[in-house]
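Engineer: Need a 3D model of the sequence below.
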Amino acid sequence: MKICQYASYDINTGDNSTVYGIREYFKYNSSLSSIEWCNFNNNQEISRIAKNSPDVNSLSKAMLSSLKRMQDTTGCQLLLVGGGGQIEPRPGWANEITLPFNEEILDNMGVPVACVGLGINYFRKKDPSEKVQISKIGFKNLECLIDKSIYFSVRNDGSYEILKDLFKTHSGSDETLSKVREIPDPGLFFESELPNKNIKQIQSYVFQPSWNNSLEVRSGRGLTEQSISDVVESHILERPKYQH
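Structural biologist: The predicted model follows:
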């Protein structure tokens, strides 16, 4: 089966581990005998469409055209959405959320869609005390995606609780909410055959503080350039090798 994965590729280490963790999960838990994975290489094009479409009709037309090119190029039989949080409020965008799917698109895209281990991101705010929430329009598009997906799950980082509150706030369907599953963060999936080595001393390590190219995202996570510099100096450069 050919599966095209729409994900956040090469943005940060956490997103990448989630992308390939999902593939490991399918490898060991799916009934499919063989899977051919395809990166959704027009991710940037989709982001531009989602951001710059002036209205829903323009979004639907551009998205359906892009999805058809994807199917013609890859022979995709399933679109899997997962690898990165993916669900974020976007006031002013046609969909008012980052995921560029609505009822017209989902009814006409030509392949089924499954959403695995998504997360609701509320970190894009300059003021940590600012209340940010997905709008009514954004929620209705998200609810439609949940309802029309053959499978929909969120990661266990509090996203399910946020989603329940959204369904309550916007009077969503209890039947649709019941379709949502909660799973471990796909970034934690790994091969069970990997050896469990008894490491006495860490000789090398990677510093990965939820790094992202966007200063806005880093700031929302409490990670400014200065604070990252402070952490590196005080916790890594000035300390001896870690022991346990």
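Engineer: ok, now which ones touch the residue nearest to His170 when sequence neighbours are not counted?
Structural biologist: What sits nearest to His170 in space, not counting adjacent residues and going by Cβ to Cβ, 6 or more residues apart in numbering, is Phe139, at 4.4 Å. No exception for glycine: its C-beta is placed from N, CA and C like everyone else's. By Cβ atoms under 8 Å, 6 or more residues apart in numbering, the residues touching Phe139 are Leu166, Thr169, His170, Gly172.
Engineer: Give me the distance between the second one and Cys115.
Structural biologist: Using Cβ to Cβ, to the nearest Å, we find Thr169 at a distance of 21 Å from Cys115.
Engineer: Tell me which of these two has more neighbours.
Structural biologist: Neighbour totals were compared for Thr169 and Cys115, and Cys115 leads with 25 against 12 (other Cβ atoms under 10 Å).
Engineer: Report the separation between that one and Gln86.
Structural biologist: 8 Å.
Engineer: ditto for Asp107
Structural biologist: Taking Cβ to Cβ, one finds Asp107 at 21 Å from Gln86.
Engineer: okay, these two: which has more neighbours?
Structural biologist: Gln86 (22 against 11).
Engineer: For the contacts of Phe139, give me a markdown table that also has pLDDT.
Structural biologist: Listed next are these as a markdown table, based on pLDDT from 0 to 100:
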| residue | pLDDT |
| --- | --- |
| Leu166 | 94 |
| Thr169 | 94 |
| His170 | 95 |
| Gly172 | 96 |
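Engineer: which one among those residues gets closest to Asp147?
Structural biologist: Gly172 (9.7 Å; Cβ to Cβ).
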